[in-house]
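Colleague: okay, structure incoming, though there's no sequence with it:
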């Protein structure tokens, strides 16, 4: 097995005497403690030396990028020509794959090979005797410096250094230019104070002083190249009646020199602005389109680099530059700022005051996306920034016009809602057998007898008993009539109807009215009071079922009985409205009179 060992002076090929040494790597370092034992494990076969530092740097750069250098290709070709079936141990798996694809040579890379490389490196000076140690050390130092300079030259983090320095210089230049211009106004204002109110631009003011000098020279000068005609007339008129003091020619010379500095600094500022704009469009085109060249450059300078800015979330980008206001607001429990450096972007600064916070938030979101695209994408086009800026401008127009905006849902498709369709099955068939005839007004008051206690209405007709379902409300008066079905009832002469005053005074007592003794049947009217549900004791109503009655024992007719029941219930109905708490149950029982009972009554 052959071993490819890379050094700063060149490539070395070692011959592994025993291939089994790679399998037992636990004690391999013991065999490299001395040169004699190491030479028994590996033996130098050939050494390909670099001609100069440039070739060494090219080989190191190719190894970093997982590529094959020219010198390595020549060395591998010679190996393949001599031993095409030999295995080659390499220190990098990617490099081994490239050699296998290029030369069809079997490459080995595992933990055993890594341990062997460490052991060879420990005895490298003695194993490579053809290359002096001093030259190897000098070559390593030169290669380290050259590789470091190469990495710094093409580092993505260092490309934006010129932008950071340029925007800082531009800010400093603005401060100095403002100081120079204000000093110039104050100095020349002692001689011609009226000109400061007429001309507001700093550059034009400095050029006017440079051209005019003393105010007495204004009448004979032509300012058409600097000022408009109307401003020129105002300057000449004000110079004639000026209240300024006289100054010496030496003062005018110094003021003119300072005005020349202002003119030169202004020209250099314009040149610096163009330089920053061009660099920003090269480094971060999408950020430049979204926020502008100067705002984007200030954001990069504040974050430290383009990569650091790409790591910041949108909320940090929004308030970047207003850290003092943020911490002051948090300390004093006031409202936090809504924008920082991003306020100077055209879309935020030109928006109405009530929409600035919302626009700055949307602007920060799109800016964060643009920065990440510029910093991490291999593509350098600006289509993404143009598209997002158009969407943001459309959203701002909607805010200003007060139109609604669909935030969620599909992008260009309106939400479609499924119509509700009721699943109607076959309806239930109406059961007419459960119908009951509603009682009449006279029967409604005296229609409950036994049903008040049992919850239902029962009718005993002869020996046949039929039942109806119980009603929910039990506070109703019902009349239960127990009459045999096959009996022809005789007429009954019912006495005087019950008095309402007596029934109201004696609610809990049972009254019976006697029927004429000559009749075989007597009608007994019983009144019981049904207590409230709270009371546990209830008075029971005695029930007397009608037995088998023959035609010879009763001659009472049904018509006369119904008329007597109606007369009783008509008076009870009036009392029902006033007495809702107490439900009275009336029970009318027709009882056959025995012959013995007739005799006893006759005797009395």
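Modeller: Sure, I can see it. In this text the structure is predicted, and so the values were computed from the model without any measurement.

Colleague: for whichever strand or helix holds residue 253, which helices and strands make contact with it?
Modeller: Secondary structure from DSSP states H and E places residue 253 in helix 249-283. Counting by 3 or more CB pairs under 8 Å, 6 or more residues apart in numbering; DSSP states H and E, the packing neighbours recorded for helix 249-283 are helix 161-189, helix 202-212, helix 285-291, helix 293-303. Any C-beta I mention is one placed from the backbone N, CA and C, and that applies to glycine too.

Colleague: using a markdown table, lay out these together with mean pLDDT and mean neighbour count.
Modeller: As requested, these are exported to a markdown table (pLDDT from 0 to 100; neighbours: other CB atoms under 10 Å):
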| stretch | mean pLDDT | mean neighbour count |
| --- | --- | --- |
| helix 161-189 | 93 | 16 |
| helix 202-212 | 92 | 20 |
| helix 285-291 | 93 | 27 |
| helix 293-303 | 94 | 23 |
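
Colleague: specify the stretch among the ones you listed that is closest to residue 75.
Modeller: Proximity to residue 75, assessed across the helices and strands packed on helix 249-283 by CB to CB, is greatest for helix 161-189 (39.3 Å).

Colleague: contacting residues around residue 281?
Modeller: 288, 293, 382 (CB atoms under 8 Å, 6 or more residues apart in numbering).

Colleague: and these as TSV, adding distance to residue 7?
Modeller: As requested, the contacts of residue 281 are arranged in TSV below (distance: CB to CB, whole Å):
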residue	distance to residue 7
288	47
293	48
382	47
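
Colleague: just the residues you listed now: which is nearest residue 349?
Modeller: Nearest to residue 349 among the contacts of residue 281, with distances taken as CB to CB, is residue 293, at 15.1 Å.

Colleague: show me where pLDDT drops low in the chain?
Modeller: 152-158, 404-430, 434, 436-604 (pLDDT under 70).

Colleague: how about a cut-off of 90?
Modeller: Scanning the chain for pLDDT under 90 picks out 1-4, 6-10, 12-161, 215-225, 242, 244-246, 349-354, 375-382, 398-604.

Colleague: where do the strands sit along it?
Modeller: In the chain, the segments counted as strands under DSSP state E are 2-6, 10-16, 42-49, 88-89, 107-108, 457-461, 464-468, 479-481, 521-530, 583-592.

Colleague: show me what the first one is packed against.
Modeller: It refers to strand 2-6. Secondary-structure packing of strand 2-6 (3+ CB pairs under 8 Å, 6+ apart): strand 10-16, strand 88-89, helix 111-122.

Colleague: just those: most buried one?
Modeller: Highest mean neighbour count of the helices and strands packed on strand 2-6: strand 88-89, a mean of 22 (counted as mean count of other CB atoms under 10 Å).

Colleague: now the nearest residue to residue 135 once chain neighbours are set aside: how far from residue 298?
Modeller: Nearest non-adjacent residue to residue 135, counting by CB to CB, 6 or more residues apart in numbering: residue 9, 6.7 Å away. As judged by CB to CB, to the nearest Å, residue 9 and residue 298 stand 49 Å apart.

Colleague: before we move on, what about residue 211?
Modeller: Residue 211 sits 36 Å away from residue 298, going by CB to CB.

Colleague: so who does the spatially closest residue to residue 64 that is not a sequence neighbour touch?
Modeller: Spatial nearest neighbour of residue 64, excluding adjacent residues (CB to CB, 6+ apart): residue 147 at 7.9 Å. Residues near residue 147 by CB under 8 Å, 6+ apart: 57, 60-61, 64.
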